[in-house]
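Colleague: Compute the structure for the input listed below.
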Amino acid sequence: MKAIEFNHVGKQYRLGQVSTGTFSHDLSRWWVMNVLGKDDPYLKIGDTNVRSSKGSSDFVWALKDINFSVEQGDVVGIIGKNGAGKSTLLKLLSRVTAPTVGEINVCGRIASLLEVGTGFHPEMTGRENIYMNGAIMGMTKAEITRKFDEIVDFSGCERYIDTPVKRYSSGMKVRLGFSVAAHLEPDILVVDEVLAVGDAEFQKKAIGKMQDVSKGQGRTVLFVSHNMAAVRSLCQKGVVLRDGMTDFMGTADEAINHYLETATHQVEEQKLITDYITNCKSYLKINEIQINNTPYNSTSLIHGQEVLDVQIKGKTQEPMKCDLKLVIKKLDGTPMACFREGRYKGILYDIKPGIFTINRHIRLPKYLADGDYTIDISLYEPNCQGFLKAPNCQTIHVEGFYDQYAHPIKLSIDGFIGLESV
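Modeller: Got it, this is the predicted structure:
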């Protein structure tokens, strides 16, 4: 049974204007749509929703020709870059706004959490807002009262439940808002990136609750997030949006891999690894970082090239005793291996004031599966201060590394996998 069905749905906005801009255009639109019964004549003008480029029209399609359906009990992750149309899609589904073209068929009651404090009145207390939200969703007072203690307990806001919501922190609003949305027995739960505002403890509770709602109670969940690990663990299916259009539909793993690979290969120009440096000390100047003899942000490795040659050239005005840390991660941020020679072997670079060069050869593990990985580089003094960080400074494409008979894994204290130096 289909819980949600999008049929050629599109949403158009006019940039900088609420109406068409002139009285004559407004009158023309009203005449064509209400008297002649035809489509809006201004819909034929518009650009695709590309956030980073300037268009030739004042009209933009936030969503265009969206077609997909969600079965009852499915947990679907909606992913894509900022401005891809994810939040607009959820607002259409939640009836915050109406589609410009197309139709959305929904079977069941929807509970939405799209922004911090969605549906809350700031002057009303948490208790009053719970009852108001429940009434808006069509719940009776008796149903809300039956769930009230469970909602408050899950939110962790019991002490402030009779305090006006305007005095809540953003995290408290999210806690209470999600608790209301998840506990008032909706058929469809719609959750935007808003959960990122909550602390780690609540995020874990919220994801567990969504799993209970979907698997235990057979309800439908639509989840928008940039946390790929959360989408992978929670969702069964995934939809990738790009420039307001559907780019990919499939399982959650397939959708995440498609999104990450597309994002990786959409780099328009090569950047220097030094462009990724953050938190560099004022007395330290890095002139060049090279990995495998390339100063740029991407490279490829095949079987037989399991060694990373890292070279850092710079100048410092103060002496430094530092260690080099290199982390290899999946595109979703999951660490696969970590190299820290100073911590495990007690070897530090003793750098004097002036020009310096750091060279390190690192053997990659043979268990890396084919695909793309990112590299983090940092220089730091163990248990003290960091000199520089260069997160995600290079992407490496690995091909033909995996060896099912090789077992080079060596666990480190912090759970990462240690690499051996050549």
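
Colleague: Pop the domain breakdown of this protein in here.
Modeller: For the chain, automatic domain parsing gives the domain ranges 2-6+67-265, 273-399.

Colleague: Export those as a markdown table, with columns for distance to Lys38, mean neighbour count and mean pLDDT.
Modeller: Every C-beta, even on glycine, is put in place using the N, C-alpha and C of the backbone. Listed next are those as a markdown table, based on distance: least, C-beta to C-beta, whole Å; neighbours: other C-beta atoms under 10 Å; pLDDT from 0 to 100:
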| stretch | distance to Lys38 | mean neighbour count | mean pLDDT |
| --- | --- | --- | --- |
| domain 2-6+67-265 | 13 | 18 | 84 |
| domain 273-399 | 47 | 16 | 82 |
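
Colleague: how about the ones you listed in JSON lines, adding distance to Asn34?
Modeller: Below are those laid out as JSON lines (distance: least, C-beta to C-beta, whole Å):
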{"stretch": "domain 2-6+67-265", "distance to Asn34": "16"}
{"stretch": "domain 273-399", "distance to Asn34": "49"}
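
Colleague: May I have the beta-bridge partners of Val239?
Modeller: Ile78, Met249 (DSSP bridges).

Colleague: swap in Leu326?
Modeller: Phe339, Ile377.

Colleague: who's in contact with it?
Modeller: By C-beta atoms under 8 Å, 6 or more residues apart in numbering, the contact set of Leu326 is Leu308, Val310, Cys338, Phe339, Arg360, Ile362, Ile375, Asp376, Ile377, Leu419.

Colleague: what does Glu185 give?
Modeller: Arg109, Met139, Glu143, Lys147.

Colleague: Against Asp212, how distant is it?
Modeller: Noted for Glu185: a distance of 12 Å to Asp212, by C-beta to C-beta, to the nearest Å.

Colleague: Kindly report the same for Val60.
Modeller: Looking at Val60 against Asp212, where the rule is C-beta to C-beta, the gap reads 39 Å.

Colleague: ditto for Glu5
Modeller: Counting by C-beta to C-beta - Glu5 and Asp212 are separated by 25 Å.

Colleague: Val9 too?
Modeller: 30 Å.

Colleague: Asp149 too?
Modeller: 17 Å.

Colleague: do Leu189 as well
Modeller: 11 Å.

Colleague: Let me see the ranges of the helices in this structure.
Modeller: Using DSSP state H, the helices of the chain run over residues 23-30, 86-93, 126-136, 141-155, 170-183, 200-211, 228-234, 252-265, 341-345.

Colleague: Format these as JSON lines; extra columns: distance to Val240.
Modeller: Conversion of the helices of the chain to JSON lines gives the following (distance: least, C-beta to C-beta, whole Å):
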{"stretch": "helix 23-30", "distance to Val240": "34"}
{"stretch": "helix 86-93", "distance to Val240": "10"}
{"stretch": "helix 126-136", "distance to Val240": "31"}
{"stretch": "helix 141-155", "distance to Val240": "31"}
{"stretch": "helix 170-183", "distance to Val240": "25"}
{"stretch": "helix 200-211", "distance to Val240": "20"}
{"stretch": "helix 228-234", "distance to Val240": "11"}
{"stretch": "helix 252-265", "distance to Val240": "5"}
{"stretch": "helix 341-345", "distance to Val240": "39"}
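
Colleague: Out of those helices, flag the one nearest Gly371.
Modeller: helix 252-265 (8.2 Å; C-beta to C-beta).

Colleague: Show me what that closest one packs onto, helices and strands only.
Modeller: strand 75-79, helix 228-234, strand 237-242, strand 245-251, strand 371-380 (3 or more C-beta pairs under 8 Å, 6 or more residues apart in numbering; DSSP states H and E).

Colleague: Need those in CSV (columns: distance to Asp332).
Modeller: Output for the helices and strands packed on helix 252-265, formatted as CSV (distance: least, C-beta to C-beta, whole Å):
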stretch, distance to Asp332
strand 75-79, 11
helix 228-234, 4
strand 237-242, 12
strand 245-251, 15
strand 371-380, 10
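
Colleague: Out of the ones you listed, flag the one nearest Asn257.
Modeller: strand 371-380 (8.2 Å).

Colleague: what's the angle from the closest one to helix 252-265?
Modeller: Comparing the axes of strand 371-380 and helix 252-265 via axes from the mean of the first three to the mean of the last three C-alpha atoms, to 10 degrees yields an angle of 60 degrees.

Colleague: Report all helices and strands that strand 371-380 contacts.
Modeller: If you count contacts as 3+ C-beta pairs under 8 Å, 6+ apart, strand 371-380 packs onto helix 252-265, strand 307-316, strand 320-330, strand 386-399.

Colleague: Mind putting the ones you listed into JSON lines with distance to Met33?
Modeller: As requested, the helices and strands packed on strand 371-380 are exported to JSON lines (distance: least, C-beta to C-beta, whole Å):
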{"stretch": "helix 252-265", "distance to Met33": "37"}
{"stretch": "strand 307-316", "distance to Met33": "62"}
{"stretch": "strand 320-330", "distance to Met33": "50"}
{"stretch": "strand 386-399", "distance to Met33": "49"}
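
Colleague: Which one of the ones you listed lies nearest to Leu27?
Modeller: It's helix 252-265; of the helices and strands packed on strand 371-380, that one is closest to Leu27 (C-beta to C-beta) at 44.1 Å.
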